[in-house]
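> Structure of the sequence below:
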Amino acid sequence: MQKQTSIEKALEQIQDGMTIMVGGFLGVGTPQALVDACIKKQVNNITLISNDTAFPEIGVGKWIVNRMVKKAIVSHIGTNPETGKQMMANETEVVLVPQGSLAEKIRCGGMGLGGVLTKTGVGTLVEEGKQTIVVENETYILETPLHADIALIYADIADETGNLMYHGSTKNFNPLMAAAADKVIVEAKQIVRAGTLSPDHVAVPHILVDAIVKGD
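Model (predicted):
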């Protein structure tokens with residue numbers, strides 16, 4: 001099935017108020033063209049799930065600067081001062097989740113799991129408002145799944161059916177998010193014919209992908 005389309009057509013699926021996952025780590029592995037297209041479309045009231053809020057001029061950091069995000073679920077905000085400013089002014093809700101726990105919450109959302117038990121954050125602010133479970137005299141926090149309406153992810157190479165391949169750290173969070181959203185839009189640096197990619201190199205199978213756009 002041919003899934004390549006224009007950015008404009010792909011973004012028809014995105015509406016105000018959606019929960020959107022965006023792959024990448026400080027902009028590395030982030031679908032920059034899709035992020036910019038959402039700014040152009042003026043999508044607002046987004047609940048953002050991402051590893052971080054990048055930098056003010058890079059990746060989803062631009063969404064923060066343009067005040068498109070009402071809530072950000074991330075592992076840190078230190079590289080984007082604007083996020084901290086909006087959080088302190090109660091203009092944007094920020095939920096900080098330890099990075100490993102964030103990855104596991106997304107994985108649980110994609111795999112249909114009820115959550116994951118972790119000792120990370122026990123006895124700290126991370127534990128507040130969460131269920132704890134004792135296993136063999138050890139206390140764990142139950143981290144519940146994260147799911148999104150849309151995932152905007154990146155791939156170095158995609159074939160025309162949606163199989164995805166990555167080089168190095170561009171994989172950051174992208175495969176996890178591909179399984180944890182109702183719709184998945186991929187920005188690929190290169191798009192090749194079906195059958196070109198070795199199955200051994202495919203990190204995300206085509207069944208998870210709904211649309212592919214060509215990136216820079």
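
> What mean pLDDT does the top helix by length along the chain get?
Selection of the longest helix in the chain by residue count, based on DSSP state H, yields helix 99-111. Mean per-residue pLDDT for helix 99-111: 96.

> how far does that helix sit from the chain's center?
With Cα atoms, centre = their mean, to the nearest Å as the basis, helix 99-111 stands 11 Å off its chain's centre.

> same for that helix, what does it pack against?
Judged by 3 or more Cβ pairs under 8 Å, 6 or more residues apart in numbering; DSSP states H and E, the packing partners of helix 99-111 are strand 116-118, strand 138-143, helix 174-178. (Glycine included, C-beta is placed from N, CA and C.)

> Show me the one of these that comes nearest Thr30.
Among the helices and strands packed on helix 99-111, the nearest to Thr30 by Cβ to Cβ is helix 174-178 (9.0 Å).

> Check what contacts that closest one and list those residues.
Helix 174-178 is contacted from outside by 21-24, 29, 49, 103, 106-107, 110, 148, 151, 153-155, 164, 166, 184, 203-204, 208-209, using Cβ atoms under 8 Å, 6 or more residues apart in numbering.

> list the contacts for the closest residue in space to Leu102 that isn't next to it in sequence?
Nearest residue to Leu102, sequence neighbours excluded (Cβ to Cβ, 6 or more residues apart in numbering): Ser75, at 5.0 Å. By Cβ under 8 Å, 6+ apart, the residues touching Ser75 are Asn51, Asp52, Leu96, Val97, Pro98, Gln99, Leu102.
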